[in-house]
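Q: The following comprises the amino acid sequence and a computationally predicted model.
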Amino acid sequence: MVKKAEPKTEPAVAESTSGFNPVQLIQDSKAELTKVIWPSRQQLISESLAVIAMVSLSATTIYLVNNLFSWAAGKVFV
């Protein structure tokens, strides 16, 4: 059984002869922003605090490991 060749379809592209259309950009941006699920105030605060805590923990860990290696290098190479 031979399959028929399906016609090639081009992806949907907005046709514009002038290229950049700022009005269309603003309309599309507004449409996309209506689809965003914005976090609640409580979610925003708790997740921000979690990020600040993890960054602080990471920075402290890097600082302590750096001091450990500096101390060890001082003992070995001096």
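A: Nice, I can see it.
Q: Using CSV, list the CA coordinates for stretch 61-77.
A: Provided in CSV are the C-alpha atoms of stretch 61-77 (Å, rounded to 0.1, in the frame of the first residue of the first chain):
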residue,chain,number,x,y,z
THR,A,61,30.1,27.5,53.1
ILE,A,62,32.4,28.9,50.4
TYR,A,63,33.9,31.4,52.9
LEU,A,64,34.6,28.6,55.4
VAL,A,65,36.1,26.2,52.8
ASN,A,66,38.2,29.0,51.5
ASN,A,67,39.5,29.8,55.0
LEU,A,68,40.2,26.1,55.6
PHE,A,69,42.2,25.8,52.4
SER,A,70,44.1,29.0,53.2
TRP,A,71,45.0,27.8,56.6
ALA,A,72,46.0,24.4,55.3
ALA,A,73,48.2,26.0,52.6
GLY,A,74,49.8,28.2,55.2
LYS,A,75,50.7,25.1,57.3
VAL,A,76,52.0,23.1,54.3
PHE,A,77,53.9,25.8,52.3
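Q: starting at the chain centroid, how far to it?
A: Offset of stretch 61-77 from its chain centre (CA atoms, centre = their mean, to the nearest Å): 34 Å.
Q: What of stretch 30-49?
A: Distance, stretch centre to chain centre, for stretch 30-49: 14 Å (CA atoms, centre = their mean).
Q: same thing with stretch 38-52?
A: That offset, for stretch 38-52, works out to 16 Å (CA atoms, centre = their mean).
Q: How far away from the center of its chain is stretch 25-34?
A: That offset, for stretch 25-34, works out to 19 Å (CA atoms, centre = their mean).
Q: How about stretch 53-72?
A: Per CA atoms, centre = their mean, the centroid offset for stretch 53-72 relative to its chain is 26 Å.
Q: hmm, who's touching that stretch?
A: By CB atoms under 8 Å, 6 or more residues apart in numbering, no surrounding residue is in contact with stretch 53-72. For the C-beta atoms, the positions are set from N, CA and C on the backbone; glycine is no exception.
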